[in-house]
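K.L.:
How does the following fold in three dimensions:
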Amino acid sequence: MLVAAAVCPCPPLLVPEVAAGAAPELDTLRDACADALGVLAAARPDLLIVVGPAAPSGRGPHPEGATGTFEGFGVGLGVRLGRDLGPVGAGHSLPPSLAVGAWLLARAEWAGAPVEGLGVGEPLAAERCTGTGRDLAARAERVALLVMGDGSACRTLKAPGYLDERAEAFDAAAARALGAADPDALIALDESLAYELKAAGRAPWQVLAGAAQGADLGGRLLYEDAPYGVGYLVAAWS
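P.N.:
Next comes the predicted model:
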């Protein structure tokens, strides 16, 4: 059963070594993510699952001990998902979203429950997302999720997806749903619109919605902004 969730964005710029001289610009966002992870620790889960968007090569489960790197972003920094349990075999390199999640957990000095990862495809249909979430919630008596994903990437002219006037309203709807811990509102987010707005968090958020059905959790929105023209949201459910 789901007992807690933290929702964080997943730009590699969250990692100061990647952001370099621009790192202080996201200090407030990093602090909000730390607060959300504190809610996970307080819930004392039996299992923590990090869920994030992934390209085809990174989709599917990633075991505890899987590693990732930020070399693709010009930084020779590696991360590990949870504890070092020895070799995990080929094919388990963490996608960037889960690598950022692993970095956040290491920064928070996570020493609680075992940690696993799940990379989900951005086009995954809502019903499959919610079904996946229900399956995750049934994995243990007390399950927590760290849900990685950005809002729209079309908030300004200089945004990665250029300016789309629909982006602000989409992000506002997502923020309301996440702040209210409202699974139905998350499920109602439009898949096609999210894809057009390059909102990579839509599928992970709907996985969370499936996991939270019947859990009766409360929510808090800890951060809402669009630096660099991308919607970043942080929320905690417990």
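
K.L.:
all strands of the chain, in order?
P.N.:
Ranges of strands within the chain are 2-8, 47-53, 60-62, 67-69, 78-80, 115-120, 143-148, 219-225, 232-237, based on DSSP state E.

K.L.:
Could you dump the ones you listed into a markdown table and include distance to Gly101, mean neighbour count and mean pLDDT?
P.N.:
Every residue, glycine included, has its C-beta placed from N, CA and C. Shown next, in a markdown table, are the strands of the chain (distance: least, CB to CB, whole Å; neighbours: other CB atoms under 10 Å; pLDDT from 0 to 100):
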| stretch | distance to Gly101 | mean neighbour count | mean pLDDT |
| --- | --- | --- | --- |
| strand 2-8 | 7 | 28 | 98 |
| strand 47-53 | 4 | 27 | 98 |
| strand 60-62 | 10 | 18 | 96 |
| strand 67-69 | 9 | 19 | 94 |
| strand 78-80 | 9 | 18 | 95 |
| strand 115-120 | 7 | 25 | 98 |
| strand 143-148 | 5 | 28 | 98 |
| strand 219-225 | 16 | 19 | 98 |
| strand 232-237 | 13 | 27 | 98 |
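
K.L.:
out of those, which comes closest to Ala200?
P.N.:
strand 47-53 (4.1 Å; CB to CB).

K.L.:
what angle separates that closest one from strand 143-148?
P.N.:
20 degrees (axes from the mean of the first three to the mean of the last three CA atoms, to 10 degrees).

K.L.:
residue ranges with poor pLDDT in the protein?
P.N.:
Within the chain, the stretches with pLDDT under 70 are 87-92.

K.L.:
hmm, try it at 90
P.N.:
By pLDDT under 90, the weakly predicted segments of the chain are 21-23, 83-93, 111-112, 122-123.

K.L.:
Spatially central, which residue of it would that be?
P.N.:
The residue lying closest to the centre of the chain (CA atoms, centre = their mean) is Met148, at 0.7 Å.
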